[in-house]
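>>> got a predicted structure here, sequence first:
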Amino acid sequence: MKTELSQFGIVGIFMISAILFLGIILFLSRMLRPHQPNEEKLSTYESGEEPATSSWLQFNNRFYILGILFILFEVELIFLFPWAITIGKKEYIKSTQGAWLWFALIEIGIFIFILTLGLVYAWAKGYLDWIKPNPSSSTFKSDIPSHIYKEINKKYE
């Protein structure tokens, strides 16, 4: 009896072999690497400097919004390149006899109008304004007097 794998079977074998390969590599790397944690390695910074404030910093949310807008407009502009290459070919212009060319120009005009509308909306909402936050030191209040911290830090200098 002759049995053949279907295309899904071949893809399944590749996926299973990739997962097994990844598992084997991760297992081997865990077994071969040195594992020697110490107090300095587990500290917040390995540079030797003591942290001046808490490591929990607040970032301005506008950074993320601006990044998302950048990615959005970059991805949208990528769609313009295939259109421009297709429209720019002389064979396409000759074969369309004008009617499809006008349709393509109107279509891309609508596309750019929607992009512009999104940009105007983001601008009107103030998402493109970059306001630098005023960083402040930590407001952590401890019951331990500050001279004890200074004594401990002198030990490790």
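Looks like it came in fine.
>>> tell me where this structure has helices.
Using DSSP state H, the helices assigned to the chain run over residues 7-32, 61-78, 80-88, 90-96, 99-125, 146-155.
>>> so for residue 42, which of those helices sits nearest?
Closest approach to residue 42 among the helices of the chain (Cβ to Cβ): helix 146-155, 17.1 Å. Any C-beta I mention is one placed from the backbone N, CA and C, and that applies to glycine too.
>>> give me the mean pLDDT for that closest one.
In this model, helix 146-155 has a mean pLDDT of 78.
>>> list of residues touching it?
residue 50 (Cβ atoms under 8 Å, 6 or more residues apart in numbering).
>>> may I ask which helix or strand of this protein has the lowest mean pLDDT?
Least confident helix or strand, the chain: helix 90-96 with a mean of 64, by mean pLDDT, DSSP states H and E.
>>> compare the helices of the chain and say which comes out lowest on pLDDT.
Looking over these, mean pLDDT reaches its minimum on helix 90-96, with a mean of 64.
>>> keeping just the C-alphas, turn stretch 53-72 into CSV.
Only the C-alpha atoms of stretch 53-72 are listed here, as CSV (Å, rounded to 0.1, in the frame of the first residue of the first chain):
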residue,chain,number,x,y,z
THR,A,53,15.6,56.6,42.9
SER,A,54,13.1,53.8,42.5
SER,A,55,13.3,51.8,39.3
TRP,A,56,9.6,52.4,38.7
LEU,A,57,9.6,55.3,36.3
GLN,A,58,6.6,56.9,34.7
PHE,A,59,6.9,57.4,31.0
ASN,A,60,4.9,59.9,29.1
ASN,A,61,2.1,58.1,27.3
ARG,A,62,2.5,60.3,24.3
PHE,A,63,5.7,58.4,23.5
TYR,A,64,3.7,55.3,22.8
ILE,A,65,0.9,57.1,20.9
LEU,A,66,3.5,58.8,18.7
GLY,A,67,5.2,55.5,18.1
ILE,A,68,2.0,53.8,17.1
LEU,A,69,1.1,56.7,14.8
PHE,A,70,4.5,56.5,13.2
ILE,A,71,4.1,52.8,12.6
LEU,A,72,0.6,53.3,11.3
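>>> what residues sit buried inside that stretch?
62, 66, 69 (16 or more other Cβ atoms under 10 Å).
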